[in-house]
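> Could you work out the structure for the sequence below:
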Amino acid sequence: ALALLRAEAGRRIGTRASRHALVLGVAPRAIRLKDTRTRWGSCAPDGTLAFSWRLVMAPDWVMDYVVAHEMAHLREMNHSPRFWAQVARLSPHRLAAHEWLRRHGPGLLRVGRA
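Residues are numbered from 1 along each chain as shown. I've put the predicted structure just below:
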């Protein structure tokens, strides 16, 4: 069952990353799924994006925000006003998604753990 969830997460994250790449005019070097304990996503200096496979259990608009956030780092490797302007351009639900993750994220991060 976890393999199916990971595969679906990869498909859905990839679709969103491709859509955001068109808007931003950038492309990730690679996209990886991880079994993270605390982070929903990350952007390495080489342009590799990593995401928690558990995002597949979040609402689509929440997943979309996390993908938009990491894609925006391909333009701005910081959390400057210019970075947040890119995120807002890609994800109009940024604040609600952040709040959803704050409230429900810890429960998702426990899924699949012994």
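
> Can you report how many residues neighbour the residue nearest to residue 42 when sequence neighbours are not counted?
Computed as C-beta to C-beta, 6 or more residues apart in numbering, the closest residue to residue 42 that is not its neighbour in sequence is residue 50, at 4.8 Å. The way it works is simple: take the backbone N, C-alpha and C, and place the C-beta from them, glycine included. A total of 18 residues lie near residue 50 under the criterion other C-beta atoms under 10 Å.

> now swap in residue 58 and tell me
Neighbour tally, residue 58, other C-beta under 10 Å: 21.

> Let me see the contact set for it.
66, 100-101, 104-105, 108 (C-beta atoms under 8 Å, 6 or more residues apart in numbering).

> Which helix or strand contains the residue nearest to residue 42?
According to DSSP states H and E, residue 50 maps onto strand 48-52.

> what's the answer for residue 76, then?
Short version, using DSSP H and E: residue 76 is in no helix or strand.

> Tell me the pLDDT of the residue nearest to residue 42.
On the pLDDT scale, residue 50 is placed at 98.

> Give me the distance between it and residue 18.
17 Å (C-beta to C-beta, to the nearest Å).

> same question, residue 112
On the measure of C-beta to C-beta, residue 112 and residue 18 end up 27 Å apart.

> Residue 5 belongs to a strand, doesn't it?
No. Judged by DSSP: H, G, I helix; E, B strand; the rest coil, residue 5 forms no part of a strand; its state is helix.

> which ones are touching it?
Residue 5 touches 53, 56-57, counting by C-beta under 8 Å, 6+ apart.

> Which of those lies at the shortest distance from residue 87?
residue 56 (20.9 Å; C-beta to C-beta).

> Pull the number of nearby residues for the closest one.
Count around residue 56 with other C-beta under 10 Å applied: 22.

> rewinding a little: residue contacts, the residue nearest to residue 42?
Residue 50 touches 31-34, 36, 41-44, counting by C-beta under 8 Å, 6+ apart.

> any chance of the contacts of residue 5 in CSV, plus pLDDT and distance to residue 26?
Shown next, in CSV, are the contacts of residue 5 (pLDDT from 0 to 100; distance: C-beta to C-beta, whole Å):
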residue, pLDDT, distance to residue 26
53, 95, 23
56, 96, 24
57, 95, 27
